[in-house]
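*Asks:* sequence below, structure please.
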Amino acid sequence: MRFKFFRIQNFSIKYKFIIGIVIILVIAMLSVSIVFIKRSERLLVYALEDKANLINRNFSIVSAKSIEECAFSNLQMLINEVAVKDREIKTLIVADHKGTIIATSDNNNYPLFAKIENETILHQLRMRQDIILRNLKENVLESVLLMYDRPDDSVKNLIGFIYISLNMSYLEKSISNLWFDSFILTIILMGFGIICAYIFGAKMAKPIRILANRVQTIASGNLEISIKAKTKDEIGQLITDVEKMRLAIKNLTGNLEEQVKERTAQLENAYIEINSLNERLKAENVRMSAELDVTRRLQQMMLPTKHELKKIKYLDIAGFMDPAAEVGGDYYDIFQTDEHLAISIGDVTGHGLESGVLMLMAQTAVRTLTLSKETDLKFFLNILNETLFTNTKRMKVDKSMTLAILEYRNGNIRISGQHEDVIIIRKNGYIEILDTMKLGFPLGLEKDIYHLISDTEFFLNAGDGVVLFTDGIIEAENISGKLYGIDRLCSIAKKNWNKSAELIQKAIIDDVYQYIGKQIVHDDLTLIVIKQI
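*Replies:* Numbers count the residues shown, from 1 in each chain. Predicted structure coming up:
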């Protein structure tokens, strides 16, 4: 059975110290008492043996003379007198060399001489001057002395024995008294030790208790109470370390509070500034959203309508544009005059309002130059470039534009300007790729590009056609980041070339969006399909 209430680990340091001292004292006192008593017991026994031998030697002189003179009555009287005076003597016997009792203090008690008649014992006795026997059962100490006719070392004859037995009761009583005295002394010393241990333990535990209270105070958040070490021992060093810790925490906490206040003030100022910026951004977004909405509507309004495209003779045309942002930078236009048909497609760098405005400038300039019946495409593009260059400088924007102009007359197409490749698809499905990189230069970068512009021509028979596009088509990415590419564009166009221009355009755009999937469209998508009727 376990006594949970008596677990020493639940005691304070003071009581642990007291218990330890008491245990040490008890063990020490018991050890000392046992050793002392055992030693005292041996000394008492030795003293009793010495007394027995002394009595025997004193009687040996008288007894030997009495035996020689046959004065046995005098010897008996002496034995009786000695036995009466000394109460420790239990039995005193004098016998001759044969073991016959001559005188005795107790006729009923001579246990040793009952065995002396045995020749073996007599022989053993003759081998020694005297012998001491302890008869523990009867609580006596027995001593036998052999008497010889000559006391010197010459030839001598055994003339008798002296036997004495001493009572050991007083010895046991003395030992019992020693045990009792030792127990009393142990109790007294233990009490004194407990008192000293209590005083010393209380004195030793006091600074530890004070330190524990201070640590609890620090843990609760109170860093104002200090503590000073009054000793230079380990406890004093611990108190000094705790005081250093308190000061460090107090200093850190004070600095932290200042930092928190300073950072809180900064955050409040930042919050006010952010709110102000948010309000300004909201207002700016509202303004820009209105501007972009107007620009987007203008951009969509400038695109050729299906009705306009239906009026064009000899050609089946379908156009598509989907800006990636609210206002895109892609541009295309199809404009017919009495004499010829002008087809233009371009891409302004970037997105947003500035790109949309630049696109509208290009669309207006192209229509103006077309209405002025300018047939020199090099001069046409150079004037358009100079116009855009001047306006971008005035707007302080870093924008440019790729643009290709196609002039159609009775199946013949003349093309000029740098843009994406032109896909020419013949009726039988044969595909030609026309590179426009050498036909011009990006508009708006240089003021005069006339010497960088050239043109080329090709003819469309019935069933032949042209596919024009911006880079948003071929650079569309799937979920793996792989580009759509011109090869896939040509494959889809060729596969659907027996259909109308509108259905061909729809098939290509559907395939592009299917290829992109759920990915974000990063660029404007513009596509024109032209098919000779």
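*Asks:* what about the helices in the stretch 201-350 of the chain?
*Replies:* 234-302, 306-310 (DSSP state H, counting those that start in this stretch).
*Asks:* weakest of the ones you listed by average pLDDT?
*Replies:* Mean pLDDT is lowest for helix 234-302 out of these, coming in at a mean of 75.
*Asks:* by contact count, what packs against that helix?
*Replies:* Under the contact criterion of 3 or more CB pairs under 8 Å, 6 or more residues apart in numbering; DSSP states H and E, helix 234-302 touches helix 169-219, helix 353-371. From N, CA and C alone the C-beta is placed, and that goes for glycine too.
*Asks:* confidence-wise, which of these is weakest overall?
*Replies:* helix 169-219 (a mean of 70).
*Asks:* which residue is the nearest non-sequential neighbour of Lys51?
*Replies:* Leu166 (6.8 Å; CB to CB, 6 or more residues apart in numbering).
*Asks:* could you spell out the sheet neighbours of the host helix or strand of that neighbour, each with its direction?
*Replies:* Applying DSSP states H and E as the criterion places Leu166 in strand 158-167. Strand 158-167 has its sheet partners listed here by DSSP bridges as strand 89-96 (antiparallel), strand 140-148 (antiparallel).
*Asks:* can you redo these as CSV with distance to Asp435?
*Replies:* Output for the strands paired with strand 158-167, formatted as CSV (distance: least, CB to CB, whole Å):
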stretch, distance to Asp435
strand 89-96, 147
strand 140-148, 140
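*Asks:* closest to Tyr271 out of these?
*Replies:* strand 140-148 (108.2 Å; CB to CB).
*Asks:* and that closest one, average pLDDT?
*Replies:* 71.
*Asks:* next, format the helices of the stretch 201-350 of the chain as a markdown table and append distance to Ala103 and mean neighbour count.
*Replies:* Output for those, formatted as a markdown table (distance: least, CB to CB, whole Å; neighbours: other CB atoms under 10 Å):
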| stretch | distance to Ala103 | mean neighbour count |
| --- | --- | --- |
| helix 234-302 | 79 | 12 |
| helix 306-310 | 167 | 12 |
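*Asks:* columns distance to Phe469 on top of those helices, output as TSV?
*Replies:* Shown next, in TSV, are these (distance: least, CB to CB, whole Å):
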stretch	distance to Phe469
helix 234-302	18
helix 306-310	17
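*Asks:* out of those, which comes closest to Thr526?
*Replies:* Across the helices of the stretch 201-350 of the chain, closest to Thr526 is helix 234-302 (CB to CB), at 11.7 Å.
*Asks:* so how far is that closest one off the chain centroid?
*Replies:* 30 Å (CA atoms, centre = their mean, to the nearest Å).
*Asks:* ditto for stretch 359-377
*Replies:* Per CA atoms, centre = their mean, the centroid offset for stretch 359-377 relative to its chain is 72 Å.
*Asks:* quick one: contacts of that stretch?
*Replies:* Where contact means CB atoms under 8 Å, 6 or more residues apart in numbering, the residues beyond stretch 359-377 that reach it are 295, 298-299, 302, 328-331, 333, 335, 337, 339, 342, 344, 346, 348, 380, 383-384, 387-388, 391, 401, 403, 405, 407, 414, 416-417, 443, 453, 455.
*Asks:* let's go with 7 Å and repeat that
*Replies:* For stretch 359-377, contacts defined as CB atoms under 7 Å, 6 or more residues apart in numbering pick out 298-299, 302, 329, 331, 333, 335, 337, 342, 344, 346, 348, 380, 383-384, 387-388, 391, 401, 403, 405, 407, 414, 416, 455.
*Asks:* now do stretch 403-416
*Replies:* Counting by CB under 7 Å, 6+ apart, 340-346, 362, 377-378, 380-381, 417, 419, 422, 436, 439-440, 443, 453-461, 532 sit against stretch 403-416.
*Asks:* just the buried subset of these, written out for ChimeraX, thanks.
*Replies:* The ChimeraX command for the buried members of the contacts of stretch 403-416 (criterion: 16 or more other CB atoms under 10 Å) is given here:
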select :340,341,342,343,344,345,346,362,377,378,380,381,417,419,422,436,439,440,443,453,455,460,532
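*Asks:* in strands only, show me the contacts of stretch 403-416.
*Replies:* Using DSSP state E, the members of the contacts of stretch 403-416 that fall in strands are 341-346, 422, 455-459, 532.
*Asks:* which among those residues gets closest to Met321?
*Replies:* Using CB to CB, the ones in strands among the contacts of stretch 403-416 come closest to Met321 at Ile345, 9.7 Å.
*Asks:* isn't that closest one up against Tyr332?
*Replies:* Yes: at 4.4 Å, Ile345 counts as touching Tyr332 under the criterion of CB atoms under 7 Å.
*Asks:* shared neighbours, these two?
*Replies:* With CB under 7 Å, 6+ apart, Ile345 and Tyr332 have common neighbours 526, 528.
*Asks:* look up how far Gly99 lies from Glu262.
*Replies:* Applying CB to CB, to the nearest Å, the value for Glu262 to Gly99 is 119 Å.
*Asks:* next one: phi and psi at Leu483?
*Replies:* With angles defined as degrees, to the nearest 10, Leu483 sits at phi -80, psi 150.
*Asks:* show me the contacts for it.
*Replies:* So Leu483 contacts 474-475, 477 (CB under 7 Å, 6+ apart).
*Asks:* what stretches of the stretch 401-533 of the chain score poorly on pLDDT?
*Replies:* Within the stretch 401-533 of the chain, no range satisfies pLDDT under 70.
*Asks:* for it, what spans make up the helices?
*Replies:* 471-474, 486-495, 501-516.
*Asks:* tell me, how many residues neighbour the residue nearest to Lys51?
*Replies:* Counted with other CB atoms under 10 Å, residues neighbouring Leu166 total 22.
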